[in-house]
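K.L.:
Give me the fold of what follows.
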Amino acid sequence: MPPRTVGVHAERDRRRTGRPSGRGWPIGLRGTPRVLLLTDRLKDGLRLREVVDAVEPCTLVGPGQSAEASPDHRLIICDAALDGPEALAVFRAVLAHHRLDPAVPVLCLARGTGPDVMAQAGAIGATAVLPRDASDAQILFTARRLIRSGRPADRCPAEPAVAASARDAAGAFGDVFEAARRGRSVSASALRRGGSSVMDAVAGGRIGSWLDVVRSHDDATYQHCLLVAGLSTGFAARLGMTTRGQRLVAQAALVHDIGKAAIPPAILNKPGPLSPAELDVMRSHATIGHEMLVRQSGFDPQLLDIVRHHHEYLDGSGYPDGLSGDEVSALSRLVTICDIYAALIERRAYKTPTPPGEALATLVAMGGKLDAGLVRAFCDFIGVA
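P.N.:
Now for the predicted structure:
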């Protein structure tokens with residue numbers, strides 16, 4: 001294993017030469033550093049370090065510099081270009097070495113806007129994303145919020161294994177979603193990797209820890225798909241489904257909304273209710289995602305069924321095909337329940353999460369739209385989460 005002293009360029013050098021560069025030194029001021037700033041632009045990094053260090057002791061690791069990984073870090077700020085597979089691989093490696101506790105939040109300062117940037121940030125497991133030109137006040141506010149939420153006083157830290165699996169699943173989902181957004185083939189290996197990470201995380205009934213970790217993710221699409229994946233996989237295990245069946249559910253739930261990669265960001269990320277026309281566009285994600293995977297071929301028919309039909313209701317009022325009764329498969333019924341519950345409990349900037357009890361009551365109140373037996377079993381499952 002490489003020494004835990006890597007910076008951005010040092011890791012790139014290690015990948016190219018087999019050894020770290022050893023150049024430079026970490027820059028920090030007062031107290032035990034609680035914030036680690038990783039940057040590939042030293043001048044900008046120095047200015048930002050001064051801003052952060054005014055309120056939280058901060059260590060800067062710039063181009064060619066290195067620093068010992070520290071268990072005292074409560075936040076990692078990433079200020080570097082992530083525009084390419086090598087850059088993403090380098091930053092993932094840097095974070096893997098410096099993020100001794102997988103629950104430590106990561107703030108990504110993005111150099112650009114749009115779905116590309118969000119996909120790149122998600123691929124490194126960023127907890128929150130701000131534009132690089134955000135005001136100092138906004139950066140400080142977000143940094144303090146992440147530090148406070150990273151280890152809240154009223155609950156235990158997330159299990160490291162669960163947090164690590166969530167980070168790995170987010171990275172795999174980022175690879176898959178970015179490929180779909182660019183019109184490329186979805187990586188079957190990335191999907192398998194993501195599904196395995198979800199299964200590892202929720203094994204043994206650890207769904208509560210999974211929910212805690214995933215709901216700290218700022219990007220709505222990542223948060224939702226990871227929530228649905230964890231809930232669906234944990235519920236499938238609770239129902240006694242085979243390992244193969246759980247793996248299928250985990251992978252299908254990760255890509256159930258893959259069609260949203262083709263939805264305009266202005267609609268996908270709109271902070272409020274959609275207009276009827278926008279709602280029609282949003283609802284097209286189910287058929288878009290299904291057609292996308294069918295064209296690529298090689299996916300399990302049951303996975304494809306879930307991607308297309310996770311918004312169908314037993315009374316025929318769902319979409320896109322208006323299926324009813326036995327036309328809706330058992331696995332689609334399961335993922336639909338988890339999808340609705342996840343949408344209710346997830347954290348968004350414009351809405352307060354629905355408390356679990358109220359969210360379960362909403363499922364029960366939907367009556368004949370959902371499988372009543374599965375709803376009862378899901379309520380029992382969440383009751384022990």
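K.L.:
Pop the domain breakdown of the protein in here.
P.N.:
8-150, 160-383 (automatic domain parsing).
K.L.:
how close does Arg167 get to Gly259?
P.N.:
In this view, Arg167 and Gly259 are 25 Å apart by C-beta to C-beta, to the nearest Å. Every C-beta, even on glycine, is put in place using the N, C-alpha and C of the backbone.
K.L.:
about what we covered before: go through the domains of the chain and find the least confident stretch.
P.N.:
Per-segment mean pLDDT for the domains of the chain reaches its minimum on domain 8-150, at a mean of 74.
K.L.:
Can you convert the domains of the chain into CSV and add a column each for mean neighbour count?
P.N.:
Listed next are the domains of the chain as CSV, based on neighbours: other C-beta atoms under 10 Å:
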stretch, mean neighbour count
domain 8-150, 19
domain 160-383, 19
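K.L.:
Skip the chain neighbours and tell me the closest residue to Leu360.
P.N.:
Closest residue to Leu360 apart from its sequence neighbours, by C-beta to C-beta, 6 or more residues apart in numbering: Cys379 at 5.0 Å.
K.L.:
which helices and strands sit right next to the host helix or strand of that neighbour?
P.N.:
Using DSSP states H and E, Cys379 sits within helix 372-383. When contacts are defined as 3 or more C-beta pairs under 8 Å, 6 or more residues apart in numbering; DSSP states H and E, helix 372-383 packs onto helix 220-238, helix 330-345, helix 356-365.
K.L.:
change it to 6 Å
P.N.:
helix 330-345, helix 356-365 (3 or more C-beta pairs under 6 Å, 6 or more residues apart in numbering; DSSP states H and E).
K.L.:
export the ones you listed to a markdown table and tack on distance to Arg206?
P.N.:
Converted to a markdown table, these look like this (distance: least, C-beta to C-beta, whole Å):
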| stretch | distance to Arg206 |
| --- | --- |
| helix 330-345 | 16 |
| helix 356-365 | 16 |
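K.L.:
Quick one: closest of these to Arg238.
P.N.:
With C-beta to C-beta as the criterion, Arg238 lies closest to helix 330-345 of the helices and strands packed on helix 372-383, at 10.6 Å.
K.L.:
Next, the angle from that closest one to helix 220-238.
P.N.:
Using axes from the mean of the first three to the mean of the last three C-alpha atoms, to 10 degrees, one finds that helix 330-345 and helix 220-238 are set 130 degrees apart in direction.
K.L.:
I figured Arg181 hits Lys260, correct?
P.N.:
No. In this structure Arg181 lies outside contact range of Lys260 using C-beta atoms under 6 Å: 9.1 Å.
K.L.:
export stretch 66-85 as CSV, just CAs?
P.N.:
Taking C-alpha atoms only, stretch 66-85 is exported to CSV below (Å, rounded to 0.1, in the frame of the first residue of the first chain):
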residue,chain,number,x,y,z
SER,A,66,2.1,15.8,0.8
ALA,A,67,0.7,15.4,4.3
GLU,A,68,0.2,12.7,6.7
ALA,A,69,-3.4,11.4,6.9
SER,A,70,-5.0,12.5,10.2
PRO,A,71,-7.9,11.0,12.2
ASP,A,72,-8.6,14.6,13.4
HIS,A,73,-9.9,15.7,10.0
ARG,A,74,-13.6,16.5,10.2
LEU,A,75,-14.0,17.8,6.6
ILE,A,76,-12.1,17.4,3.3
ILE,A,77,-12.4,20.1,0.7
CYS,A,78,-11.6,19.1,-2.9
ASP,A,79,-10.6,22.0,-5.2
ALA,A,80,-9.3,20.3,-8.3
ALA,A,81,-10.3,19.7,-11.9
LEU,A,82,-12.1,16.3,-12.3
ASP,A,83,-12.5,16.5,-16.0
GLY,A,84,-11.3,13.0,-17.1
PRO,A,85,-10.9,9.4,-16.1
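K.L.:
next one: it to chain centre, how far?
P.N.:
18 Å (C-alpha atoms, centre = their mean, to the nearest Å).
K.L.:
next one: stretch 330-341
P.N.:
Using C-alpha atoms, centre = their mean, the offset of stretch 330-341 from its chain centre is 19 Å.
K.L.:
Ok, stretch 263-281 next?
P.N.:
Counting by C-alpha atoms, centre = their mean, stretch 263-281 comes out at 21 Å from the chain centroid.
K.L.:
Let's see the distance spanning it from one end to the other.
P.N.:
Terminal residues of stretch 263-281 lie 7 Å apart, using C-alpha to C-alpha, to the nearest Å.
K.L.:
How about stretch 365-378?
P.N.:
End to end - C-alpha to C-alpha - stretch 365-378 spans 14 Å.
K.L.:
Mind listing residues that contact that stretch?
P.N.:
313, 315, 333, 337, 363 (C-beta atoms under 6 Å, 6 or more residues apart in numbering).
K.L.:
now those in a markdown table, with distance to Gln120?
P.N.:
What follows is those, written out as a markdown table (distance: C-beta to C-beta, whole Å):
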| residue | distance to Gln120 |
| --- | --- |
| Tyr313 | 36 |
| Asp315 | 41 |
| Arg333 | 35 |
| Ile337 | 32 |
| Leu363 | 35 |
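K.L.:
and of these, the nearest to Ala121?
P.N.:
The closest of the contacts of stretch 365-378 to Ala121 turns out to be Ile337 (C-beta to C-beta; 29.9 Å).
K.L.:
any idea how far that closest one lies from Asp133?
P.N.:
According to C-beta to C-beta, Ile337 and Asp133 sit 42 Å apart.
K.L.:
can you check Ala330 too?
P.N.:
Distance, Ala330 to Asp133, using C-beta to C-beta: 50 Å.
K.L.:
Which elements pack onto the host helix or strand of Leu46?
P.N.:
Element membership for Leu46 (DSSP H and E) is helix 42-53. If contacts are counted by 3+ C-beta pairs under 6 Å, 6+ apart, helix 42-53 sits against strand 35-39, strand 58-61.
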